[in-house]
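Asker: Just a sequence and a predicted model for now, questions to come.
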Amino acid sequence: MEDDQLDTAALGSYLAQYVPQIGQLRRFKKFSDGQSNPTYLLDTSCGQVVLRRQPPGELVKSAHAVDREFRVIEALRNSAVPVAREIHLCRDPEIIGSMFFLMSYEPGRIFWEPSLPELALAERAAVYQEMNRVLAALHDIDVEAVGLADFGKPGNYFERQVSRWSGQYRASEAEPIPEMDRLIEWLPRNLPPDDAKVSLIHGDYRIDNIIFEMGRPRARALLDWELSTLGHPYADLAYQCMQWRMPRDCIIPGFGTVDREALGIPSEQDYVMQYCERRGLEPISHWNFYLVFGFFRFAAILQGVLKRALDGNASSPKALEYGALAPVLARQALSLID
């Protein structure tokens, strides 16, 4: 079955038996965005819910772990980090062809361009303050208190991540990217001291993965927890700050050369400083490494998107465009080294 289709008869029967509180399934619509786990809006007799599933086809080991997504949003339900409400996890792949879970539908606004052209100057500043607040709150979560102490391995985060994403990239390699080869050599030789307290990290912290409330710059739900784990908080921070350095005209837009001060958007330096102040941290050393790693890891992820597109298992019709961004990101990482 294609990932834009659902067996509504089988799904409706399953939901009626195991999740009757959501009402009778009437129709569904696949969200067009999202490169990894296909996501659908279900209309039922009691309202709307969201279904998120693993994609069909052969999967890379440890990828598309929707059960981990379900676990983390369940753990964060009453925390300072806004998340959708978990409803149900189905591990049986026989129902619709892959494991899936249900969560609440959270209406609101998603901003696709980091320059926020649809907002006034004061609102732009407030949105970035709110993103900074949510990220700091996430990294301050007491993982033992919320039951996530075993959600990842402690220590040696970047060493393990460099090895993991090097392997994922090699498994998805279509054509050689010399810049990725250089990064795979450089990163293990330049690992910073592993001196940060282990935090719960999101893994894909970007402006378009946050639903904001209508009418005010308040985060309603942080989405897409597939890559979440226990690790180094600066990986999340640097990953978000990549948008300050990415071109504005690519499929995942950055700021390019836009005058951020004129737009009311903080500089990368100010954003990092605000984060450190919120968490009571000293200025960050080895910042360039974290940025290089972020570009490398994102390039490896998009190479996986390209591989799924070439194999016919992509979740988005834009998958080939996203995959083409991998060498661009790798070159951006090398510019920070060279």
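Answerer: Arrived safely.
Asker: counting contacts, what elements does the helix or strand Ala299 falls within pack onto?
Answerer: Element membership of Ala299, judged by DSSP states H and E, is helix 287-311. Packing partners of helix 287-311 (3 or more CB pairs under 8 Å, 6 or more residues apart in numbering; DSSP states H and E): helix 157-172, helix 178-189, helix 233-241, helix 319-323, helix 326-337. Just so you know, the C-beta spots here come from the backbone N, C-alpha and C atoms, and that holds for glycine as well.
Asker: Model confidence at the most centrally placed residue in the chain, what's the number?
Answerer: Closest residue to the average C-alpha location of the chain: Asp204 at 2.6 Å, with CA atoms, centre = their mean. Asp204 carries a pLDDT value of 94.
Asker: try Ala63
Answerer: For Ala63, the predicted pLDDT is 59.
Asker: try Val258
Answerer: So, for Val258, pLDDT stands at 86.
Asker: Give the full set of residues in contact with it.
Answerer: Ser115, Arg248 (CB atoms under 8 Å, 6 or more residues apart in numbering).
Asker: how close does it sit to Phe295?
Answerer: Noted for Val258: a distance of 19 Å to Phe295, by CB to CB, to the nearest Å.
Asker: do Gly23 as well
Answerer: Distance, Gly23 to Phe295, by CB to CB: 44 Å.
Asker: Those two: who's more crowded?
Answerer: Shown here are Gly23 and Phe295; by other CB atoms under 10 Å, Phe295 has more neighbours (25 against 17).
Asker: Excluding covalently adjacent residues, which one is nearest to that one?
Answerer: Ala333 (3.6 Å; CB to CB, 6 or more residues apart in numbering).
Asker: how many neighbours does that neighbour have?
Answerer: The local packing of Ala333 (other CB under 10 Å) involves 27 other residues.
Asker: how about it, what does it touch?
Answerer: Glu179, Leu183, Leu291, Val292, Phe295, Phe296, Ala299.
Asker: Now the helix holding Ala299: average pLDDT?
Answerer: Here helix 287-311 scores 90 as its mean pLDDT.
Asker: And that helix, what's buried?
Answerer: Residues of helix 287-311 classed as buried by neighbour count (16 or more other CB atoms under 10 Å): 287, 289-309.
Asker: Likewise for stretch 210-229?
Answerer: By 16+ other CB under 10 Å, the buried positions in stretch 210-229 come out as 210-213, 217, 219-229.
Asker: Ok, stretch 163-176 next?
Answerer: Burial within stretch 163-176, assessed by neighbour count using 16+ other CB under 10 Å, is assigned to Trp165, Ser166, Gln168, Tyr169, Ser172, Glu173.
Asker: With distance to Tyr128 and pLDDT added, can I get those in JSON lines?
Answerer: Output for the buried residues of stretch 163-176, formatted as JSON lines (distance: CB to CB, whole Å; pLDDT from 0 to 100):
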{"residue": "Trp165", "distance to Tyr128": "28", "pLDDT": "95"}
{"residue": "Ser166", "distance to Tyr128": "32", "pLDDT": "96"}
{"residue": "Gln168", "distance to Tyr128": "31", "pLDDT": "92"}
{"residue": "Tyr169", "distance to Tyr128": "31", "pLDDT": "94"}
{"residue": "Ser172", "distance to Tyr128": "33", "pLDDT": "88"}
{"residue": "Glu173", "distance to Tyr128": "36", "pLDDT": "88"}
